[in-house]
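Visitor: okay, here's the prediction I keep looking at, along with the sequence it came from:
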Amino acid sequence: MSCFRVPQSILSNIERECAKFWWGSNAESRKLHWKKWDYMCKPKCQGGMGFRKLEIFNKALLAKQIWRILRKPNSLVGRVLKARYFKQGDIMQAQLGSNPSFVWRSLLSSRTLLEDGLYWTVGNGKSIRIFHDKWVPKVRNFINNNGSLILNEIRVDALIKDGRRDDEAIRGSVLPYIGDEIHRIPLPQTPRDDSRYWKYDSKGRYSVKEGYRMGIGLYDMPAKQTQFLREFEVVKVDFDQQITLGQFPLVPLVESLLNLVLAPLFE
């Protein structure tokens, strides 16, 4: 699953067998499935059981390979793919091309998942396109002071002069509130190339776990539900301690039942 995109029909068959096993079905008897498998695959904080959706998990694994090629472009597989499919730029700008292999098709099918959480760290600014790439954390769309779209190929190094921000160039290129966000971005003390980082990790590294969370939309959770879950965590800790002191082995069951009842109220 980490090298190829598994056909949906195969994934559906695997999930069907997992559901049968969970609900106790076998060749001799069929059991009632009380919940759809999609609901069972929801995170526990949303009332589900946290089972993996195999299609999204497959994409998260493939996105890990793209991340490795980004971080180590001089690796053997990175050089082979670059020579074959993207002689200019990097894998994030690569096209499908003519007569692509199944591996290449599989990798590109997961690239959008990686793009959603990928941002640029400013170095020399020569690789980052001001009005196209994501490099200002709180800004997605750039418009200049005149309100017209700017050519995508203008690079961030046009806003840097002698290792410092060019205030005049910034004021003439973007709206004031965007300029304020640009001024908050630190510049390196010594010259170095631009690099990418994963927004949803404290160390900026992509992981399959975080990619899966992105794929199921966990980072798009409404603010009111996030606040509820934060408060529920506090209650859950105290509740777990009481049950542990009383030596009742019912914590997982009670927690799951509470999630099933309360989580749909915030969907």
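Guide: Noted; the coordinates are in hand. Numbering: from 1, shown residues only.
Visitor: next up, the contacts around the residue of the chain most remote from its centre.
Guide: The C-alpha centroid of the chain is most remote from Glu28, which lies 42.2 Å away (C-alpha atoms, centre = their mean). Contacts for Glu28 (C-beta atoms under 8 Å, 6 or more residues apart in numbering) come out as none. (C-beta placed from N, C-alpha, C; glycine too.)
Visitor: quick check, it in a strand?
Guide: No - applying DSSP: H, G, I helix; E, B strand; the rest coil, one finds Glu28 to be coil, outside a strand.
Visitor: by mean pLDDT, which helix or strand of this structure comes out lowest?
Guide: None of the helices or strands of the chain scores lower by mean pLDDT, DSSP states H and E than helix 223-246, at a mean of 44.
Visitor: any idea how many residues pack against Ser25?
Guide: Residue neighbour count, defined by other C-beta atoms under 10 Å, stands at 16 for Ser25.
Visitor: with adjacent residues omitted, what lies nearest to it?
Guide: Lys31 (4.6 Å; C-beta to C-beta, 6 or more residues apart in numbering).
Visitor: try Ile216
Guide: Ile56 (5.9 Å).
Visitor: name the helix or strand for the one you found, please.
Guide: helix 54-71 (DSSP states H and E).
Visitor: now that helix: mean pLDDT?
Guide: For helix 54-71, the mean per-residue pLDDT is 94.
Visitor: likewise for stretch 1-11?
Guide: 91.
Visitor: what sits against the spatially closest residue to Lys209 that is not a sequence neighbour?
Guide: Nearest non-adjacent residue to Lys209, counting by C-beta to C-beta, 6+ apart: Ala60, 7.9 Å away. Ala60 makes contacts with 110, 113, 208-209, 211-212, 214-215, as judged by C-beta under 8 Å, 6+ apart.
Visitor: could you pull out the strands in the stretch 1-150 of the chain for me?
Guide: With DSSP state E, counting those that start in this stretch, the ranges of strands along the stretch 1-150 of the chain come out as 118-121.
Visitor: likewise for the stretch 151-267 of the chain?
Guide: Under DSSP E, counting those that start in this stretch, the stretch 151-267 of the chain gives strands at 160-161, 164-165, 195-198.
Visitor: which one of those lies closest to Ile91?
Guide: Smallest distance to Ile91 across the strands of the stretch 151-267 of the chain (C-beta to C-beta): 10.9 Å, for strand 195-198.
Visitor: what pLDDT is listed against Ile164?
Guide: Small correction: residue 164 is Arg, not Ile. Reading off the model, Arg164 has pLDDT 86.
Visitor: which residue packs closest to it, ignoring adjacent ones?
Guide: Distance criterion C-beta to C-beta, 6+ apart; nearest residue to Arg164, sequence neighbours excluded, is Leu187 at 7.1 Å.
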